[in-house]
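In: from the sequence below, what's the structure:
(one chain, ligands or ions: 2)
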Amino acid sequence: MDLYEYQGKQLFAHAGIPVSEGRLATTPDEARAAAEELGGAVVVKAQVLTGGRGKAGGVKLADDAADAEAKAREILGLDINGHVVRRLWVERASDIAKEYYLSITFDRGAKKPLYMLTTEGGVEIEQVAEEQPDALARLHADPLEGFQPYQARRLIYGAGIDDPGEQKQILAIIEKLYACFVETDAMLTEINPLIVTPDGDVRALDSKFTVDDSALYRHPEIAEMRDVAAADPQEQLAREKGVTYVKLEGEVGILGNGAGLSMSTVDVVVVAGGRPANFCDLGGGGDAQGVVDALEVITSDDQVRSIFFNIFGGITRGDEVARGILAALEQMSIELPIVIRLDGTNADEGRRILAEAAPPNLYVEPTMLEAAQRAVELAS
Ligand code: GDP
Ligand code: MN
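Out: Ligands and ions are numbered 1, 2, ... in the order given. Predicted coordinates:
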């Protein structure tokens with residue numbers, strides 16, 4: 001689960017990492033009131049779950065409260081990479097002398113948290129990694145040993161930070177960020193930029209925070225931070241119906257029984273020259289209600305042009321799944337073409353049942369590749 005900048009900053013502040021004082025606003029009036037309370041110059045920041053807000057015009061400095069109201073009016077409603085701005089964070093403006101970057105991510109390959117620190121902050125970290133790899137200090141933490149000051153020092157020297165005042169503050173921030181990362185079961189905590197003010201104070205000016213979904217049950221206060229209104233409508237519907245579903249970019253709706261098969265189905269659609277619209281796993285069963293729920297979620301995405309239903313009969317036999325599909329199609333009307341590949345236990349019987357009762361928009365193909373090709377063709 002991704003958090004908004006202001007939510008991440010709340011967790012940072014809780015961990016003792018210095019951040020600027022700010023207020024949440026959802027209207028220009030609220031932005032003005034927030035700026036009045038804070039006093040002086042403020043920065044008005046779009047709260048959206050995507051990066052690059054600055055470049056997209058979603059971060060603006062305001063001289064006073066009236067200006068904050070005007071800037072809020074400009075930013076609210078902006079579309080930033082497909083995310084519409086509905087919330088603003090108004091915080092006391094900072095003077096910036098330097099912009100650094102600090103993050104901790106979970107490195108699955110190494111099975112360890114990874115620290116990254118560079119003085120080349122403010123820009124995309126991928127760009128730094130590509131253009132100036134030597135400027136990026138990287139170091140793994142040992143999850144059993146936890147935070148070690150010598151590691152933080154090595155990281156700081158590796159990044160070439162030689163001012164003693166900065167070193168001291170950044171060492172403390174790394175320690176607190178590590179504690180925050182572990183305590184919240186985070187997958188990513190990123191500060192970009194980590195600024196140094198002209199007075200030499202180090203502070204987190206932005207936050208990117210991802211918490212492991214599987215650990216949310218341990219953090220009800222973080223789970224509550226989810227902005228239901230901003231969630232993808234299909235993913236929200238899927239969550240309500242208990243369907244395992246991930247929205248993708250393409251036009252071929254995908255449904256498989258089992259996570260592995262569903263993933264292979266995504267791949268084979270790409271091999272056939274198409275673009276999957278989603279990943280959807282029906283699980284091991286093939287009962288009519290499960291099929292209805294999954295098809296409702298898939299067809300609620302108006303980008304979907306065809307549906308590829310990939311079934312392998314195992315413990316759930318092919319004929320049962322075929323009956324489930326037919327029962328589902330009786331309960332709902334779907335105009336889109338549906339391509340079915342049915343194989344495995346009792347596949348012949350399943351295909352016969354489908355062929356006998358099949359509505360005209362149902363296509364039964366013998367192999368996975370042929371079914372994918374047909375679904376891609378019908379989608380274009
Ligand atoms: P992002 O573009 O989504 O990463 O949003 P950030 O929160 O990182 O802001 C983008 C940029 O805006 C920062 O790198 C800063 O250069 C600038 N910025 C943000 N807050 C302030 C501020 O308080 N004062 C000044 N002078 N610039 C700021
Ligand atoms: Mn940033």
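In: get me the contact residues on the stretch 201-350 of the chain for ligand 1.
Out: Contact residues (CB under 6 Å from any ligand atom) of the stretch 201-350 of the chain with ligand 1: 205-206. (C-beta placed from N, C-alpha, C; glycine too.)
In: check which helix or strand covers the residue of the stretch 201-350 of the chain found nearest ligand 2.
Out: For the stretch 201-350 of the chain and ligand 2, the shortest gap (CB to the ion) falls at residue 206, measuring 3.6 Å. Under the assignment given by DSSP states H and E, residue 206 is not contained in any helix or strand.
In: could you list the low-pLDDT ranges of the stretch 251-380 of the chain?
Out: In the predicted model, the stretch 251-380 of the chain carries pLDDT under 70 at residues 284-286.
In: could you pull out the strands for it?
Out: 252-256, 278-281, 306-313, 338-344, 362-365 (DSSP state E, counting those that start in this stretch).
In: contacting residues around the first one?
Out: Identification of contacts with strand 252-256 by CB atoms under 8 Å, 6 or more residues apart in numbering yields 262-266, 269, 274-282, 291, 294-295, 298-299, 301, 304-311, 336, 375-376, 379.
In: neighbours of the residue of the stretch 201-350 of the chain closest to ligand 2, just the number please.
Out: Applying the criterion other CB atoms under 10 Å, we find 23 residues in the vicinity of residue 206.
In: about what we covered before: of the strands of the stretch 251-380 of the chain, flag the one that's most buried.
Out: Among the strands of the stretch 251-380 of the chain, judged by mean count of other CB atoms under 10 Å, the one packed with the most neighbours on average is strand 252-256 (a mean of 28).
In: can I get that one as PDB, trimmed to CA atoms?
Out: Only the C-alpha atoms of strand 252-256 are listed here, as PDB (Å, rounded to 0.1, in the frame of the first residue of the first chain):
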ATOM      1  CA  VAL A 252      -7.500  -8.600 -23.500                       C
ATOM      2  CA  GLY A 253      -9.300  -9.500 -20.200                       C
ATOM      3  CA  ILE A 254      -7.700 -12.500 -18.600                       C
ATOM      4  CA  LEU A 255      -9.100 -15.100 -16.400                       C
ATOM      5  CA  GLY A 256      -7.400 -18.300 -15.200                       C
END
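In: quick one, it and strand 338-344 angle?
Out: Regarding strand 252-256 and strand 338-344, their directions subtend 30 degrees when assessed with axes from the mean of the first three to the mean of the last three CA atoms, to 10 degrees.
In: just how off-centre is strand 252-256 within its chain?
Out: Taking the mean of its C-alpha atoms, strand 252-256 sits 21 Å from the chain's own mean (CA atoms, centre = their mean, to the nearest Å).
In: in stretch 144-155, which of the residues would be classed as buried?
Out: For stretch 144-155, the neighbour count (16 or more other CB atoms under 10 Å) marks 147, 151-152, 155 as buried.
In: sec struct for residue 237, please.
Out: Secondary structure assignment for residue 237 (DSSP: H, G, I helix; E, B strand; the rest coil): helix.
In: that one: what's it in contact with?
Out: Contact criterion CB under 8 Å, 6+ apart gives 296-297, 300 as the residues in contact with residue 237.
In: try 7 Å this time
Out: Under the criterion of CB atoms under 7 Å, 6 or more residues apart in numbering, the neighbours of residue 237 are 297, 300.
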